[in-house]
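*Asks:* fold the following and give me the result.
(one chain, ligands or ions: 3)
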Amino acid sequence: MLTCEKCDFELDEKSEYCPNCGSLFVEKTCANHSDKEAEGTCIICAKEFCPDCGQDVNDKFLCNEHSDLEIYQSMVRVYGSSDSVEIDYLVTLLNQEGFHPFRFDRKANPISLGGVDYSLFRASGDYDGHIVNEIKLMVPLNEYLETKVTIEQILDQEGNE
Ligand SMILES: [Zn+2]
Ligand SMILES: [Zn+2]
Ligand SMILES: [Zn+2]
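*Replies:* Ligands and ions are numbered 1, 2, ... in the order given. Coordinates of the predicted model:
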């Protein structure tokens, strides 16, 4: 079994990059600059980027567009609300669609996420603007883009009814 040298994630033999930390194992050019060598693969959008277009954030490589997402281990916040019923509703619908959503509630037991304090969630910039009692809807990294679209569709429909 191959593992990533940087994060010990188990890899497919054919992996060109580590889906857990974004380490790139082959030479690629940046998705934005065909003349620049890529430094890593964004773990959200799976594209390669040069150091101008992406960066390591807490040992995860992210493109500039996705560098302000809140990521914890292999989960990413796709939605947040102080409305517990709304979050439960979305979790149910996403489960039905075959996704793996996880409800993260500051007041619920964070031990289930590894016993790490809420404050360890990374957010670029100022944290003060966040809703303190926000319930976070987390999904696995590779489900972020799809679940984001799905959630927007669900909320759109709700709004139109
Ligand atoms: Zn890795
Ligand atoms: Zn990205
Ligand atoms: Zn670039």
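*Asks:* can you show me the helices along the protein?
*Replies:* All helices of the chain, identified by DSSP state H, fall at 84-96, 144-160.
*Asks:* so which of the ones you listed is nearest ligand 1?
*Replies:* Closest to ligand 1 of the helices of the chain, according to C-beta to the ion: helix 144-160, at 17.1 Å. Yep, even glycine has a C-beta here, placed from its N, CA and C like the rest.
*Asks:* could you list the low-confidence segments of the protein?
*Replies:* For the chain, applying pLDDT under 70 flags the ranges 106-133, 161.
*Asks:* on that earlier part again, columns distance to ligand 2 and mean neighbour count on top of the helices of the chain, output as TSV?
*Replies:* Rendered in TSV, the data for the helices of the chain read as follows (distance: least, C-beta to the ion, whole Å; neighbours: other C-beta atoms under 10 Å):
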stretch	distance to ligand 2	mean neighbour count
helix 84-96	21	15
helix 144-160	9	14
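*Asks:* so which of these is nearest ligand 3?
*Replies:* Across the helices of the chain, the minimum distance to ligand 3, taken as C-beta to the ion, is reached by helix 144-160, at 19.9 Å.
*Asks:* which other residues reach that closest one?
*Replies:* Contacts with helix 144-160, where a contact means C-beta atoms under 8 Å, 6 or more residues apart in numbering, come from 44-45, 69, 76, 78-79, 90, 93-94, 97, 99, 101, 137, 139.
*Asks:* may I see the ChimeraX selection of the buried members of those?
*Replies:* Filtering the contacts of helix 144-160 down to the buried ones (16 or more other C-beta atoms under 10 Å) takes a single ChimeraX command:
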select :44,69,76,78,79,90,94,99,101,137,139
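*Asks:* stretch 54-71 near ligand 2 at all?
*Replies:* Yes. Among the residues of stretch 54-71, Cys63, His66 lie within reach of ligand 2 under C-beta under 5 Å from the ion.
*Asks:* buried ones in that stretch?
*Replies:* Burial within stretch 54-71, assessed by neighbour count using 16+ other C-beta under 10 Å, is assigned to 54-57, 60-63, 66-67, 69-71.
*Asks:* endpoint to endpoint, stretch 28-37 covers what distance?
*Replies:* In stretch 28-37, first residue to last residue: 6 Å (C-alpha to C-alpha, to the nearest Å).
*Asks:* how distant is that stretch from the center of its chain?
*Replies:* The gap between the average C-alpha position of stretch 28-37 and the chain average comes to 23 Å, counting by C-alpha atoms, centre = their mean, to the nearest Å.
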